[in-house]
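after the sequence you'll find the predicted model.
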Amino acid sequence: MSLIHPDGSEGPQKTEEADLRSFRERINQDGYVLNFYCTVPAPLIAELAAKAGFDAVTLDMQHGLIDYAEAVAMISPLAGRDVVPMVRTPPLDPRLIMKLLDAGVLGITCALIESGTDAEALVRACRYPPRGERSFGPLRAGLVHDGYYDRADELVTVLAMLESRKGFDNLDEILAVDGIDGIYIGPMDLALSMGHAPSLDVPQEVSDAIDHILRRCREAGKICGMIAPDGAHAATLVERGFSFVTISNDIRAIDQTIKGWLGDARKAKT
């Protein structure tokens, strides 16, 4: 039986028309990917981040205020732009992950992966058979990404979010799971799990753990990512060898900007 694609055509789709650079292609060409977190359900913010020149835009459905319908609306203005649309999902929700991939998301960062078993379940949700269990029906993804089915495993990046001591202890078995493209470190939750206050200014124990994760990822040829509070800190992470760096989020950007503007205005003499 011939494979029926979303556009009604049969058989394998040609890939030569597909010119979208995958996450991995960007790293191979540029050395790293700069990402921006959207937490507010506002398509304009996602579009502005893409227009600003970020390599990836991640919709935060774990801690942000974005639901599925709002996520779809935010993915739409990213189509046709040179940006990878991604989502950070709550811990292991295969149904949500599959719906987001069908909607055109090209990267999943899944929260709280703590074992090889967790990582395997994440891969199964993101990959088509025989590797995974993703159901076929990329209605929007097949429309906006030429040759999507044939390139799905290449285009879709799967990152396991490591943010607990248990996950840290099981790092090597997570990295060993075929289909996991890399690790995204949650430094504040990792600090909490090690008995420290949540802060990007982590104590030595957590800093050592982060260095270990980065080293093991690089040795395994995997992506390693983490968040930075601003561009200057992002540059230091790239220099340390991180290949995926998030520069804060929309709320912090707005908060810092309006406070700065207001502070400047308050300096006026009366």
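Structure's in. What do you need? Numbers count the residues shown, from 1 in each chain.

in this structure, which helix or strand is least confident?
Lowest on mean pLDDT, DSSP states H and E among the helices and strands of the chain sits helix 139-144, with a mean of 85.

tell me which helix or strand comes right after that one.
helix 148-155 (DSSP states H and E).

mind exporting that following helix as PDB, just the C-alpha atoms?
Backbone C-alpha positions of helix 148-155 (Å, rounded to 0.1, in the frame of the first residue of the first chain) are rendered in PDB as follows:
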ATOM      1  CA  TYR A 148       8.700  16.600   5.800                       C
ATOM      2  CA  TYR A 149       8.000  12.900   6.200                       C
ATOM      3  CA  ASP A 150      11.300  11.800   4.600                       C
ATOM      4  CA  ARG A 151      13.200  14.400   6.700                       C
ATOM      5  CA  ALA A 152      11.200  14.100  10.000                       C
ATOM      6  CA  ASP A 153      14.000  12.400  12.000                       C
ATOM      7  CA  GLU A 154      16.500  14.900  10.700                       C
ATOM      8  CA  LEU A 155      14.400  18.000  11.200                       C
END
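
centre of the chain versus it, how much separation?
17 Å (Cα atoms, centre = their mean, to the nearest Å).

neighbouring strands for the helix or strand following that helix, and are they parallel or not?
In the C-terminal direction, the helix or strand that comes right after helix 148-155 (DSSP H and E) is strand 157-162. For strand 157-162, the paired strands and their directions (DSSP bridges) are strand 107-110 (parallel), strand 182-185 (parallel).

how far does the last one sit from the chain's center?
Put simply, strand 182-185 sits 9 Å off its chain's centre (Cα atoms, centre = their mean).

need the contact partners of that strand.
Outside of strand 182-185, the residues that reach it under the criterion Cβ atoms under 8 Å, 6 or more residues apart in numbering are 109, 157, 159-163, 171, 174-175, 210, 213, 217, 222-226, 243-244. For glycine as for every other residue, the C-beta is placed from the backbone atoms N, C-alpha and C.

select, out of the strands paired with strand 157-162, the one closest to residue 254.
Distances from residue 254 to each of the strands paired with strand 157-162 were compared using Cβ to Cβ; the shortest belongs to strand 107-110, at 22.3 Å.

where do the helices sit along the stretch 151-270 of the chain?
Counting by DSSP state H, counting those that start in this stretch, the stretch 151-270 of the chain has helices at residues 165-169, 171-175, 187-193, 204-220, 231-240, 250-266.

who's in contact with residue 153?
Applying Cβ under 8 Å, 6+ apart to residue 153 gives the contacts 127, 128, 131, 179.

pull the most distant pair out of the residues you listed.
Pairwise across these, and taking Cβ to Cβ, the largest span is found between 128 and 179, at 10.9 Å.

for the closest residue to residue 40 other than its chain neighbours, give me its contacts.
Computed as Cβ to Cβ, 6 or more residues apart in numbering, the closest residue to residue 40 that is not its neighbour in sequence is residue 250, at 5.4 Å. By Cβ under 8 Å, 6+ apart, the contact set of residue 250 is 36, 37, 38, 39, 40, 42, 45, 49.

mind pulling the model confidence for the nearest residue to residue 240 once chain neighbours are set aside?
Leaving aside its sequence neighbours, residue 240 sits nearest to residue 214 (Cβ to Cβ, 6+ apart; 6.8 Å). Per-residue confidence at residue 214 stands at 98 (pLDDT).
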